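Chemist: Kindly return the folded structure for what I paste below:
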Amino acid sequence: MIRLENLTKIFETQKGSVIAADHITMEVPSGEICILLGPSGCGKTTTLKMINRIVPPTSGKVFIEGEDTSGMQTEDLRRNIGYVIQQIGLFPNMTIEENITAVPRLLGWDAKRYRERARELMDVIAMDPNIYLNRYPSELSGGQQQRIGVARALAADPPVMLMDEPFGAIDPINRAVIQDEFLKMQQALKKTILFVSHDIDEAIKMGDRIAIFRAGRLVQLSEPDDLLAAPKDEFVESFLGDDRALKRLNLVRVGDVVSSDIGTVNPGDTLATALKRMDEYGYQLSILMVNEQNEPVGMVPRSVASLTRGYCRDHFQPLPGTIHMGDSLRKATSIMFAEDTTWLPCIDDNGKVCGQITQRAMTRHLGARFRAAARTATAPATGA
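Modeler: Next comes the predicted model:
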């Protein structure tokens, strides 16, 4: 969808030439989010702005859907690219509806069509059109204004969106909420997005691919997991930080690590049965108790089962928590640490037990990816 070929920008100053972007060559497949990441002044924002010619390139080409954009009128190019900036840039003298429909009106859409589009987008960004469309930007919070900025960029249904630190000015709580809502939107809309960020955690969360920039050059373009497991050089490794293994917790789903081999008891089982089953499965501390619907309802401790007679239903304790198959390992780790436990039962969309996840399994899974990357990096080259 987006292809950059040797895209270069040289700024002329009184002190001489400054190369802001140096022969950037990269591709972003259709429907993916590519995060441009790097330290300040590395060329990521300049590269973004050259795509819609806010900054004219010195040399090189930009292709969108295979078309060389150098032959397009600047106005036509920009109207087909959604653009969202950190400062939002809403028109203060226009209502929210007028802000959202600015580009469709320029394109000549009839009133019924662009008004319906505005209401549709308000639903997409989870803001009631009946409440907000007739308000002005000054009547909205910063987070609400940012959502309107996204809606405005989507108004003409552009195939490409450029986003320049769009959530950078929002407080951390609202920022996480808007990021989540945007990702849900993207699952449905499948836009092709270039997204500038300075936040590594945001890049890992939001990006299908991450492009690392340094001093105007593209250093590495990889999927987040590959980037964290196999940084190309010492700069990328240091930029990602010493905790890059922990950052992978956000990328891996519980379903990737779950073990379906889990021992359980029912409320009607005796404590002797619970103790025997714990021995069979090698459980040292407790065993999960499930009801007739295979839903988790508690756990039976070994200390109770070994000293007491009776039934599990009369001697169980509350669970430390459960984890959904689609949750991240980061969430699983957080629950384990908070509840001082080394395992959690895993549940599906219906709340039924489908396995368990342990700290050991998570450690082995994460470590295996790094060990594989290390073996690849040190393997001797082979030739014909």
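Chemist: So residue 165 sits against residue 202, correct?
Modeler: No: with contact defined as C-beta atoms under 8 Å, residue 165 does not reach residue 202; the gap is 9.2 Å. C-betas here are computed from N, CA, C, even on glycine.
Chemist: Show me the shaky parts of the stretch 151-300 of the chain.
Modeler: Low-confidence segments of the stretch 151-300 of the chain (pLDDT under 70): 169.
Chemist: Give the helix, strand or coil label for residue 82.
Modeler: Under DSSP: H, G, I helix; E, B strand; the rest coil, the three-state class of residue 82 is strand.
Chemist: count of neighbours near it?
Modeler: 25 (other C-beta atoms under 10 Å).
Chemist: Just give the nearest non-adjacent residue to it, would you?
Modeler: residue 153 (3.3 Å; C-beta to C-beta, 6 or more residues apart in numbering).
Chemist: List the contacts of that neighbour.
Modeler: 82-84, 161, 163 (C-beta atoms under 8 Å, 6 or more residues apart in numbering).
Chemist: Name the residues of the helix or strand containing it that are buried.
Modeler: Take DSSP states H and E as the rule and residue 153 turns out to sit in helix 142-154. Residues 143-154 are the ones in helix 142-154 that count as buried (16 or more other C-beta atoms under 10 Å).
Chemist: Determine how far that helix lies from the middle of the whole chain.
Modeler: The chain centre lies 18 Å from the centre of helix 142-154; the measure is C-alpha atoms, centre = their mean, to the nearest Å.
Chemist: continuing past it, what's the next helix or strand?
Modeler: By DSSP H and E, the next helix or strand past helix 142-154 is strand 160-164.
Chemist: what is the orientation angle of that next one with helix 142-154?
Modeler: 150 degrees (axes from the mean of the first three to the mean of the last three C-alpha atoms, to 10 degrees).
Chemist: what's in contact with strand 160-164?
Modeler: 1-2, 45, 48-49, 51-52, 64, 80-86, 153-154, 191-196.
Chemist: try it again with 6 Å
Modeler: Residues outside strand 160-164 that contact it (C-beta atoms under 6 Å, 6 or more residues apart in numbering): 45, 48, 64, 81-85, 153, 191-196.
Chemist: okay, the angle between the helix or strand that contains residue 185 and helix 142-154?
Modeler: Per DSSP H and E, residue 185 falls inside helix 172-189. Helix 172-189 and helix 142-154 are oriented at 20 degrees to each other (the same axes, to 10 degrees).
Chemist: Give me the helices and strands touching helix 172-189, please.
Modeler: For helix 172-189, there is no helix or strand it packs on, judged by 3 or more C-beta pairs under 6 Å, 6 or more residues apart in numbering; DSSP states H and E.
Chemist: Off-centre distance for it?
Modeler: With C-alpha atoms, centre = their mean, you get 8 Å for helix 172-189.
Chemist: Next secondary structure element downstream of that helix?
Modeler: Next along from helix 172-189, by DSSP H and E: strand 192-197.
Chemist: tilt between that next one and helix 172-189?
Modeler: Using the same axes, to 10 degrees: strand 192-197 against helix 172-189 is 160 degrees.
Chemist: Strand 192-197 - contacts with which helices or strands?
Modeler: Where contact means 3+ C-beta pairs under 6 Å, 6+ apart, strand 192-197 is packed against strand 33-37, helix 44-51, strand 160-164.
Chemist: Now do the very next helix or strand once past that strand: which elements does it pack against?
Modeler: Toward the C-terminus, strand 192-197 is succeeded by helix 200-206 as the next helix or strand (DSSP H and E). Helix 200-206 sits against strand 33-37, with contacts defined as 3+ C-beta pairs under 6 Å, 6+ apart.
Chemist: What strands line up against the strand it packs on, and which way round?
Modeler: Strand 33-37 has the following strand partners under DSSP bridges: strand 192-197 (parallel), strand 209-214 (parallel).
Chemist: Kindly report the domain assignment for this structure.
Modeler: 2-248, 255-364 (automatic domain parsing).
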